[in-house]
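# Mind looking at a prediction? Sequence and model below.
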Amino acid sequence: MQDKKRYELDDILFIAMKIEKNGEDFYRAVAKRTRNNKIKDLCTRLSNDEKEHGNIFLGIYNELKNSMHDFSCRFLERIPSLAVVADQQAFTDESIHAMLQQATSEASLLDAAHQSEEETIRFYEDLKTVVAEKYASVVDRIIGEEAGHKDKVSQLRQELAV
């Protein structure tokens, strides 16, 4: 029988910081690629938001590394999306590059952004179950902001379809 991997909270926070950095890079790349000013403005704002989220997770990480008891968490086989992200290295630079390459239109870029936001929200909902209670409200706030990103992307996507 193969041993299950155990991931500590610092690993999970690192993944969260990487997700936010990749989101920042994705939105910045879309903003540079598009000629549509609405998309450019939205993606610039979202890129800045993702950078702020990464800094929030970095702050939590720096605070927690001084109190290692907060780093312990249960086995992630109980939280499938965290294990998938960690084991399959989802949200990599390569996956962002692939999304940008596969997008054939501005609408498909927005569809990719919407899907990424949904995946990010699922990850953070799982992350919330393993962080110390005092950080759950921070993760909740970021989930709310990511949901707002998803809604803004959807709204702009609908506007473009008209």
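Noted; the coordinates are in hand. Numbers count the residues shown, from 1 in each chain.

# which of the residues in stretch 151-161 are buried?
Of the residues in stretch 151-161, 152-153, 156-157 count as buried by neighbour count, 16 or more other Cβ atoms under 10 Å. For glycine as for every other residue, the C-beta is placed from the backbone atoms N, C-alpha and C.

# In which helix or strand does Cys43 reside?
helix 37-64 (DSSP states H and E).

# Quick one: list the elements packing against that helix.
helix 9-33, helix 106-128, helix 133-161 (3 or more Cβ pairs under 8 Å, 6 or more residues apart in numbering; DSSP states H and E).

# picking up where we left off before, okay, the buried residues of stretch 151-161 in CSV with distance to Leu64 and pLDDT next?
Output for the buried residues of stretch 151-161, formatted as CSV (distance: Cβ to Cβ, whole Å; pLDDT from 0 to 100):
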residue, distance to Leu64, pLDDT
Lys152, 31, 94
Val153, 31, 93
Leu156, 36, 92
Arg157, 37, 91
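
# from these, which is closest to Asp10?
Val153 (30.5 Å; Cβ to Cβ).

# Do I have it right that the closest one meets Leu42?
Yes - between Val153 and Leu42 there is a contact at 7.3 Å, judged by Cβ atoms under 8 Å.

# So, low pLDDT: which residues of this structure?
1-9, 67-93, 162 (pLDDT under 70).

# still on that earlier bit, dump the buried residues of stretch 151-161 into JSON lines; add distance to Lys32 as well.
Shown next, in JSON lines, are the buried residues of stretch 151-161 (distance: Cβ to Cβ, whole Å):
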{"residue": "Lys152", "distance to Lys32": "19"}
{"residue": "Val153", "distance to Lys32": "17"}
{"residue": "Leu156", "distance to Lys32": "17"}
{"residue": "Arg157", "distance to Lys32": "19"}
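
# ok, the residues you listed vs Asn55, which is closest?
Lys152 (20.7 Å).

# Contacts only, for that closest one.
Listed by Cβ atoms under 8 Å, 6 or more residues apart in numbering, the contact set of Lys152 reads 42, 46.

# Tell me the spacing between it and Arg45.
Going from Lys152 to Arg45 by Cβ to Cβ, to the nearest Å gives 8 Å.
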